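Student: Whatever this is, show me its structure:
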Amino acid sequence: MPDARASWSMRFTILPLATPGRKIVEARFRDVVLETPGDADEWGRRVNVELGRFGEIIDLLIDLEGLRVRPAASRRFGEVRAKVLATYSRHSARYGPDGWTATSVNTSRVLHGAEANIHATRELALAALLELRTSDP
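Tutor: Alright, predicted model coming up:
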């Protein structure tokens, strides 16, 4: 049986914004479906590799449209997501999740303190992220 993970696509791009401070990186996922805790671990491994390439703390704008977290993977995803955010980002905002993925993101906010900041559109998420940056010391 083919490994569904082979079709996963993840892209991390620095946004060309003329704003002071940390880089803003947009994360986009395509065909990433986390069915099991093992899938969540593999997602975390791949995201760690990609974000580690920036070599500094960044802010993240996250497109969740192509990422689906199923109930069996939700708990582990929340743990992994919280560690990734704590390691690589100061602030994050996201948009485009389905219902299960939004629930997973919000649950990990409650259980692990990881930012949720889910917005209806990319524009609203980016505006919220820029606003969060103004609150930094």
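
Student: And the helix or strand of the chain with the lowest mean pLDDT, how far out from the chain middle?
Tutor: Least confident helix or strand of the chain, by mean pLDDT, DSSP states H and E, is helix 99-112 with a mean of 89. Centre-to-centre, helix 99-112 and its host chain are 12 Å apart (C-alpha atoms, centre = their mean, to the nearest Å).

Student: which residues are contacting that helix?
Tutor: For helix 99-112, the surrounding residues in contact (C-beta atoms under 8 Å, 6 or more residues apart in numbering) are 64, 67-71, 73-74, 77-79, 81-82, 94, 97, 114-116, 118. Where you see a C-beta, it was placed from the backbone N, CA and C, and this is true even at glycine.

Student: out of those, which are buried?
Tutor: Taking 16 or more other C-beta atoms under 10 Å as the criterion, what is buried in the contacts of helix 99-112 is 64, 67-70, 73-74, 77-79, 81-82, 94, 97, 114-116, 118.

Student: Kindly calculate the angle that the biggest helix by length in the chain makes with helix 99-112.
Tutor: Longest helix in the chain, counting residues (DSSP state H): helix 71-88. If you take axes from the mean of the first three to the mean of the last three C-alpha atoms, to 10 degrees, helix 71-88 sits at 50 degrees to helix 99-112.

Student: Does anything pack onto helix 71-88? Which helices or strands?
Tutor: helix 37-52, strand 58-63, helix 99-112 (3 or more C-beta pairs under 8 Å, 6 or more residues apart in numbering; DSSP states H and E).

Student: May I see the buried residues of the next helix or strand after that helix?
Tutor: Elements were assigned by DSSP states H and E; along the chain past helix 71-88, the next helix or strand is strand 89-95. For strand 89-95, burial by neighbour count (16+ other C-beta under 10 Å) applies to Ser89, His91, Ser92, Ala93, Arg94, Tyr95.
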